[in-house]
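Trainee: Pasted the sequence and its predicted model underneath.
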Amino acid sequence: MNFDTSLNLPPCECRVRTTANGVEEIFDSQRNKYVRLTPEEWVRQHFVAYLINNCGFPKGRIGNEVPIKVGLTEKRCDSVVFDETGKAKVIVEYKASSVTISRKVFEQIARYNLALQVDYLIVSNGLTTYCCRLNRSLGRFEFLPAIPNYSDL
């Protein structure tokens, strides 16, 4: 791995392999396949494990690389968390640990929310994490001190 692997997340069991042509891959249990190991993918795998193991998010309700349509453009949400009816509740956007979370990142996830209309947005680079909840009465997102447990969503 040619990147900093230390994150501000609990360690997780990651299955990493190198293909015959020298490409490093990591197993994504949500998609049930190996995917290219990038710094952003490293953050995703650790963060999803954190949501499941520490925040009570059901494994079967988290989708990775979820396709959505924003206007006429096809996009992919890094992760989407669904409720028991299949309605999207949370969008998660990941960045590599070397990427600073900026206003631009929040604008990106806000555009995705135009399509999904969720109540919670989470942005993380594995070192810094922000979680916002939609205050419907005020019509704006408010930052939370921590990610709520799934049962509190």
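Mentor: Sure thing, it's come through.
Trainee: alpha carbons only for contacts and neighbour counts from here, please
Mentor: Will do.
Trainee: the longest helix in the chain is where?
Mentor: When the chain is scanned for its longest helix (criterion: DSSP state H), the result is helix 39-55.
Trainee: Give me the helices and strands touching whatever helix or strand comes next after that one, please.
Mentor: Sequence-wise, the next helix or strand downstream of helix 39-55 (DSSP states H and E) is strand 62-70. Secondary-structure packing of strand 62-70 (3 or more C-alpha pairs under 8 Å, 6 or more residues apart in numbering; DSSP states H and E): strand 73-82, helix 103-116.
Trainee: Confidence-wise, which of those is weakest overall?
Mentor: Lowest mean pLDDT within the helices and strands packed on strand 62-70: helix 103-116, a mean of 91.
Trainee: Please read off the pLDDT at the residue lying closest to V43 once chain neighbours are set aside from the model.
Mentor: Spatial nearest neighbour of V43, excluding adjacent residues (C-alpha to C-alpha, 6 or more residues apart in numbering): G126 at 5.4 Å. pLDDT, G126: 96.
Trainee: Burial check on G126, number of neighbours?
Mentor: Per other C-alpha atoms under 10 Å, the neighbour tally for G126 reads 24.
Trainee: Can I take it that it is in a strand?
Mentor: No - the assignment for G126 (DSSP: H, G, I helix; E, B strand; the rest coil) gives coil, which keeps it out of a strand.
Trainee: winner for burial among the helices and strands packed on strand 62-70?
Mentor: strand 73-82 (a mean of 17; mean count of other C-alpha atoms under 10 Å).
Trainee: From the contact counts, what lies against whichever strand or helix holds L134?
Mentor: For L134, the host element (DSSP H and E) is strand 129-135. In terms of contacts (3+ C-alpha pairs under 8 Å, 6+ apart), strand 129-135 is packed against strand 120-124, strand 140-144.
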